[in-house]
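Peer 1: Let's see this in three dimensions:
(one chain, ligands or ions: 2)
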Amino acid sequence: MIVGIPKEIKNNENRVAITPAGVAALVQNGHSVRVETGAGLGSGFTNEDYTAVGAEIVATAADAWAADMVMKVKEPLPAEYGYFREGLILFTYLHLAPEPELTRELLDKKVIAIAYETIQLDNGALPLLMPMSEVAGRMSVQIGAQFLEKQYGGKGVLLGGVPGVPKGEVVVIGGGIVGTNAAKMALGLGANVTIIDVNADRLRQLDDLFQGRVQTLISNSFNIASAVKKADLLVGAVLIPGARAPRLVTEAMVKEMTPGSVIVDVAIDQGGSIETIDRITTHDNPTYEKHGVIHYAVANMPGAVARTSTLALTNVTVPYAVQLANKGYAQAIRDNHALAKGVNVIDGKVAYKAVADAHNLPYASVEEVLLVKN
Ligand SMILES: NC(=O)C1=CN([C@@H]2O[C@H](COP(=O)(O)OP(=O)(O)OC[C@H]3O[C@@H](n4cnc5c(N)ncnc54)[C@H](O)[C@@H]3O)[C@@H](O)[C@H]2O)C=CC1
Ligand SMILES: CC(=O)C(=O)O
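Peer 2: Ligands and ions are numbered 1, 2, ... in the order given. Coordinates of the predicted model:
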């Protein structure tokens, strides 16, 4: 199989979908890898690093997209839709629930679109989302701490406080991978930390993990309103896999926050969990202010720490890419239940229920689609 690796084109997206180690794994399995020139530079990999392990460097994005399978990091942008064609395997983050136009393009062109973020193990874990959630969770607190500084428009609060002065209040909504990593960083800085989750068992685990050093709260609008009101830094970290993020923090709640507080809505890639977040921001222009509160809504946070992120992401994506390349998508999906859950669009049908529901489109299970094809 020919595997294509285009250069990422999203604002400040410095990650790349494959490292030289990943190329070596595919080449050892008999596949060809075409890497767009310069695709790895943002993560510290030169063209020569790739050719040394058997990749072909191609001059244009079109050359990289003219492959049997394209591996990317971020969802395709409109400038890339023209490369879609029937039978192309697209393996990348997709986040289709808030993206009707992209969903329609993938359906119309009959792309086999496999989303990293919905590949799911039987225990519920999302192994291809997890490393980027670890990165973004950790970043959320360092970013929030920075924007709390006066020169960035913040209220001038040091999250750890100092002896004799109250600590900063960090409130995290969603106690999964992002939330846990945000809490670790916030505790490390010495802040007071509250984690809100809808899953009481998860709150028990967090209470054990942090040995009672975090305040856990069950998710309901009363608890969210009272926690948000006192937050210096609010981190949005909820997820219902594949679905649009639930809007848990209302505009009225944001109005109750003190001026100069900061919201980092990590869940923006699934549409955002805060009512006053009405746009996706970029690393170039990451914040805007509403009701005196700084809003940060960058959908590709890990792109800023690209070396770490590319290594962490490709550690987990490449083994699945090798399965897809070795067996072809149909057999790979039949053999691997977790991979099957990654299929969002196939043969012009939406094969992920939460995505179909988000767009009011009919749903067909991947098993049904593959059965018809046989
Ligand atoms: N902006 C960015 O650059 C990045 C964004 N993300 C996004 O961050 C979000 C969170 O990801 P993970 O932590 O990996 O997900 P996760 O599945 O590990 O955790 C989500 C948590 O949200 C909780 N939750 C669901 N509904 C809730 C509700 N109504 N109230 C309170 N909690 C609720 C779940 O019980 C779960 O514990 C996802 O949208 C993910 O795609 C991840 C990495 C980078
Ligand atoms: C998960 C995601 O959206 C990212 O890493 O950019």
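Peer 1: how many neighbours does Gln151 have?
Peer 2: 8 (other C-beta atoms under 10 Å). The C-beta positions use only the backbone N, C-alpha and C, and glycine is treated the same way.
Peer 1: Over to the one 5 residues further on?
Peer 2: For Gly156, the number of neighbouring residues by other C-beta under 10 Å comes to 10.
Peer 1: ok, the closest residue to Pro127 other than its chain neighbours - contacts?
Peer 2: Distances taken as C-beta to C-beta, 6 or more residues apart in numbering put Val316 closest to Pro127, at 5.5 Å, once the chain neighbours are dropped. Applying C-beta atoms under 8 Å, 6 or more residues apart in numbering, we find Val316 in contact with 127-128, 130-131.
Peer 1: which residues of the chain score low on pLDDT?
Peer 2: Residue ranges of the chain with pLDDT under 70: 373-374.
Peer 1: Let me know the secondary structure of whichever residue of it sits closest to ligand 2.
Peer 2: Closest to ligand 2 within the chain is Met132: 3.3 Å, counting by C-beta to the nearest ligand atom. Assigned by DSSP: H, G, I helix; E, B strand; the rest coil, the conformation of Met132 is helix.
Peer 1: got it, and Leu90?
Peer 2: Leu90 - assigned by three-state DSSP - is strand.
Peer 1: Could you number the chain from 27 rather than 1 from now on?
Peer 2: Happy to do that; since the first residue is 27 now, the last one works out to Leu116.
Peer 1: residues near the nearest residue to Asp134 once chain neighbours are set aside, how many?
Peer 2: Nearest non-adjacent residue to Asp134, counting by C-beta to C-beta, 6+ apart: Gly374, 7.4 Å away. Gly374 has 14 neighbours, counted by other C-beta under 10 Å.
Peer 1: Now do Gly374 against Leu116, distance only.
Peer 2: 14 Å (C-beta to C-beta, to the nearest Å).
Peer 1: which residues touch the residue lying closest to Lys33 once chain neighbours are set aside?
Peer 2: Leaving aside its chain neighbours, Lys33 sits nearest to Ala65 (4.0 Å; criterion: C-beta to C-beta, 6+ apart). Residues counted as contacts of Ala65 (C-beta under 8 Å, 6+ apart) are 31-34, 42, 90.
Peer 1: give the contact list for the residue nearest to Asp134.
Peer 2: The contact partners of Gly374, by C-beta under 8 Å, 6+ apart, come to 133-134, 136.
Peer 1: how far away is Asn73 from ligand 1?
Peer 2: 27 Å (C-beta to the nearest ligand atom, to the nearest Å).
Peer 1: so does the longest helix seen in the chain get close to ligand 1?
Peer 2: As assigned by DSSP state H, the longest helix anywhere in the chain is helix 332-353. No: counting by C-beta under 6 Å from any ligand atom, ligand 1 is not contacted by helix 332-353; separation bottoms out at 9.0 Å.
Peer 1: near ligand 2, which residues of this structure?
Peer 2: 100, 119, 143, 155, 158, 295, 325-326, 328.
Peer 1: With distance to Glu74 added, can I get those in a markdown table?
Peer 2: Formatted as a markdown table, the residues of the chain next to ligand 2 follow (distance: C-beta to C-beta, whole Å):
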| residue | distance to Glu74 |
| --- | --- |
| Lys100 | 25 |
| Tyr119 | 28 |
| Glu143 | 32 |
| Leu155 | 32 |
| Met158 | 27 |
| Asp295 | 33 |
| Ala325 | 32 |
| Asn326 | 27 |
| Pro328 | 25 |
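Peer 1: the helices in the stretch 27-176 of the chain, which residues?
Peer 2: Under the criterion DSSP state H, counting those that start in this stretch, helices of the stretch 27-176 of the chain are mapped to 46-54, 73-77, 87-91, 104-107, 126-134, 156-173.
Peer 1: most neighbours per residue, which of those helices?
Peer 2: For the helices of the stretch 27-176 of the chain, the largest average neighbour count (mean count of other C-beta atoms under 10 Å) is found in helix 156-173, namely a mean of 23.
Peer 1: what's in contact with that helix?
Peer 2: 119, 152, 178-180, 184-185, 196, 202-208, 210-212, 215, 217, 259, 261, 263, 288, 290, 292, 312-313, 320, 322, 327-328, 330-331, 334-335, 338-339, 341-342.
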